[in-house]
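Novice: Everything below, folded, please.
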Amino acid sequence: MRNKIFSGLLWLSTAAVIIASVLIAVIMYQGSMTTMQHDLRQEAAFIKIGMEQGEKSYLQALQAEGNKVTRVTLVAPDGKVQYDNYVPAEKMLNHKDREEVQSALTDGVGWAERMSDTLSEKTFYYALRLENGDVLRVARTTDSVFATVAGSIPYMIAVVLLVAFVAMLLARRITNKMVLPLEQVDLEHPLENDTYDELAPFLTRISQQQKQVSEGLQQLRQKQNELTAITQSMNEGLILLNDRQNILSINDSAARLFGLQGNEVAGKNILTLERGQEVQELLQKVAAAGSGESLYQKDGRYYQLCGSSVGGKGSVLLIFDVTEKRAAETLRREFSANVSHELKTPLQSILGYAEIMKNGLVQEGDKQRFLEKIYSEAGHLIGLIDNIMKLSRLDEAAGDMKNLEMVELKKLAENTAQRLQAQAAGKNITVSVSGCEAEVEGVPAILGEVVYNLIDNGIKYNRDGGRVDVTVAVVPGEAVLTFKDTGCGIGSADKERVFERFYRVDKSHFKETGGTGLGLSIVKHGILFHQGRIELESELEQGTTIKIFLPRK
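Specialist: So this is what the prediction gives:
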């Protein structure tokens, strides 16, 4: 802008000076022509007077003076040249056909402007008719006029250069003065500027646009912050890609899954960061069909990858952790299979004995034994169903900590040991409860079931004449129940699985113990319901110690 204003002012002033100089030159030329014509008329008049007084002697006197600026020619009425101060008269042609001569012979005065045949220059002619009928003609070339004008051209050029230099200085100063208020305009506060009045609408419009832009940016930031807060708080992974599969945005969950830093991967191609076959197949499906899914496994966990195209301008990838879902499905399938197997075994036994008795194939002395077997299997079946229902109730109640009561653990253990005294005595097992009183907040029925199953297991899987010792203790923030028996123990390979449903360490003991494989699973779920934890210590033939830690307020 500064250069444009400066150039405009400089060229305007220079052009004005040049145009003025040309006009002056034209005016000087016209003035010189007028002056020359006036001088020729006067000079012709003086020569006429001189010739009337001294006739041709006057012309000879003029020639003797050597005045060659003005050409003087005397022409007779018949056109014959009698005298010329430039060319000998006898060499000149007849001039009767000359325009100025004809006008002078007719009107007394004549003039003309043309190229001279003699001088070969543009010449102005003026003619007067004398008293004796001769014609006096004076002439002067226009070179003298051009010479006058040309003589002033150097001065005019000097003036133009001087004026251009001054104009340049003034233009720069004017430019600086004009631009300075514009450079000092505070666009951050347009309405607070003291500048040209003509800029007021422009600054007002800028202020309005700034306000609109500021409000728009604020809304965009708010929406971006809301979107960022939502996406970053998602447990699911979210990745936004452009049409070249470069990462536009990635939330923390997705970054953690792929082991990336979210603030360092923006703009990078996802396949340069994660080249898993599942990711490549998903991107191919999205490109071909607009959407797709694939299962991705990493670090022992399973993830569902879902992708969809966004109008062909990019794609969105959602990542769901389905590890627990797959585990639950696996557990459900295993549970269904185990339940079917565990229910089928006693039912087949009952059905077999009943069928034999129905067909009369049992001797009278064996009927009692068969009935007792049917009764035992039916009891085992009822116990199995009862344990399954207990587990189902614990699953449904998970996380529901309502209707809790204060439970005294030592008293609960003593009462449970008393209930199992007959069973312990049958195997010559000694059950003891010791320690201090400890109260916890919980559901008495569930805690009672936990204690019952642990003491019952200690009796079932113990050796003849063994012991089951229950100890109640209190540590900071927790109550500790310790169940220690002198039984057959658990091998290291089974320790991680004994709390699974229907898992039994030695299935050969099934007929002897009548176990369902659900006791320790009930214990685990009961303790988790009370937000506690379990520790297991055991070695084969060395007995088993199980510690239960329950939180205390």
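Novice: Quick one: neighbours of residue 140, just the number.
Specialist: Look at residue 140: counted by other Cβ atoms under 10 Å, it has 19 neighbours. For every residue, glycine as well, the C-beta is placed using N, CA and C.
Novice: Can you tell me the SS state at it?
Specialist: Using DSSP: H, G, I helix; E, B strand; the rest coil, the three-state assignment for residue 140 comes out as strand.
Novice: is it true that it touches residue 71?
Specialist: Yes: applying Cβ atoms under 8 Å as the test, residue 140 and residue 71 come out as touching, 6.9 Å apart.
Novice: between the two, what contacts are shared?
Specialist: The contact sets of residue 140 and residue 71 overlap at residue 123 (Cβ atoms under 8 Å, 6 or more residues apart in numbering).
Novice: Now do the same contact list for residue 40.
Specialist: Contact partners of residue 40, counting by Cβ under 8 Å, 6+ apart, are 70, 124, 126, 138, 139, 140.
Novice: so which of those residues comes closest to residue 178?
Specialist: Residue 178 lies nearest to residue 124 out of these, by Cβ to Cβ, at 51.9 Å.
Novice: Summarise which helices and strands the helix or strand hosting that closest one is packed against.
Specialist: Counting by DSSP states H and E, the element that carries residue 124 is strand 122-129. In terms of contacts (3 or more Cβ pairs under 8 Å, 6 or more residues apart in numbering; DSSP states H and E), strand 122-129 is packed against helix 2-54, helix 99-107, strand 109-115, strand 135-141.
Novice: what's the burial count for residue 138?
Specialist: Based on other Cβ under 10 Å, the number of other residues close to residue 138 is 26.
Novice: do the one 3 residues further on as well
Specialist: Residue 141 is flanked by 19 other residues according to other Cβ under 10 Å.
Novice: beta partners of it?
Specialist: For residue 141, the beta-bridge partners under DSSP bridges are residue 123.
Novice: Look up how far residue 83 lies from it.
Specialist: Noted for residue 141: a distance of 19 Å to residue 83, by Cβ to Cβ, to the nearest Å.
Novice: so who does the closest residue to residue 138 other than its chain neighbours touch?
Specialist: In this structure, residue 138 finds its nearest non-sequential neighbour in residue 44, 4.6 Å apart by Cβ to Cβ, 6 or more residues apart in numbering. For residue 44, the contact set (Cβ under 8 Å, 6+ apart) comprises 126, 127, 128, 136, 138.
Novice: and what of residue 538?
Specialist: Shown in contact with residue 538 (Cβ under 8 Å, 6+ apart): 489, 490, 495, 544, 545.
Novice: which residues touch the fourth one?
Specialist: By that I understand residue 544. When the contact criterion is Cβ under 8 Å, 6+ apart, the partners of residue 544 are 458, 461, 483, 484, 485, 487, 489, 490, 536, 537, 538.
Novice: Would you reformat the contacts of residue 40 as CSV and include pLDDT and distance to residue 476?
Specialist: Compiled in CSV, those are given as follows (pLDDT from 0 to 100; distance: Cβ to Cβ, whole Å):
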residue, pLDDT, distance to residue 476
70, 80, 139
124, 84, 133
126, 89, 139
138, 86, 141
139, 86, 139
140, 81, 135
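Novice: ok, of the residues you listed, which one's closest to residue 369?
Specialist: Compare each of the contacts of residue 40 with residue 369 using Cβ to Cβ and the shortest gap goes to residue 124, at 165.7 Å.
Novice: Please give the element, helix or strand, for residue 326.
Specialist: Assigned by DSSP H and E, residue 326 falls within helix 323-358.
Novice: who touches residue 97 in this structure?
Specialist: Each residue near residue 97 by Cβ under 8 Å, 6+ apart is listed here: residue 79.
Novice: likewise the one 3 residues further on?
Specialist: Applying Cβ under 8 Å, 6+ apart, one finds that residue 100 lies in contact with 110, 111, 112, 125, 126, 127, 137.
Novice: let's go with 6 Å and repeat that
Specialist: Neighbouring residues of residue 100 by Cβ atoms under 6 Å, 6 or more residues apart in numbering: 110, 111, 112, 125, 127.
Novice: likewise residue 18?
Specialist: Neighbour list for residue 18: residue 160 [criterion: Cβ under 6 Å, 6+ apart].
Novice: For the contacts of residue 544, please prepare CSV with the additional fields distance to residue 313 and pLDDT.
Specialist: Supplementary listing: these in CSV, determined by distance: Cβ to Cβ, whole Å; pLDDT from 0 to 100:
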residue, distance to residue 313, pLDDT
458, 67, 88
461, 66, 85
483, 64, 92
484, 68, 92
485, 68, 92
487, 68, 87
489, 65, 82
490, 60, 82
536, 57, 88
537, 61, 89
538, 62, 86
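Novice: Farthest pair within those residues?
Specialist: Applying Cβ to Cβ across the contacts of residue 544, the maximum distance is between 461 and 537, 15.1 Å.
Novice: Who has more neighbours out of those two?
Specialist: Neighbour count, other Cβ under 10 Å: between residue 461 and residue 537, residue 461 has more, with 22 against 15.
Novice: picking up where we left off before, nearest to residue 465, of the helices and strands packed on strand 122-129?
Specialist: Proximity of the helices and strands packed on strand 122-129 to residue 465 was assessed by Cβ to Cβ; the nearest stretch is helix 2-54, lying at 111.0 Å.
Novice: and that closest one, how far out from the chain's middle?
Specialist: Mean C-alpha position of helix 2-54 versus that of the full chain (Cα atoms, centre = their mean, to the nearest Å) differs by 73 Å.
Novice: If you tally nearby residues, what's the number for residue 529?
Specialist: Taking other Cβ under 10 Å as the definition, residue 529 ends up with a neighbour count of 21.
Novice: cool, residue 128 as well?
Specialist: Residue 128: 20 surrounding residues under other Cβ under 10 Å.
Novice: I'd say it and residue 48 touch.
Specialist: Yes: distance between residue 128 and residue 48: 5.4 Å, which falls inside the contact criterion (Cβ atoms under 6 Å).
Novice: and after the helix or strand hosting residue 524, which helix or strand comes next?
Specialist: In this structure, residue 524 sits in helix 519-529 according to DSSP H and E. Of the helices and strands lying after helix 519-529 in sequence (DSSP H and E), the nearest is strand 533-538.
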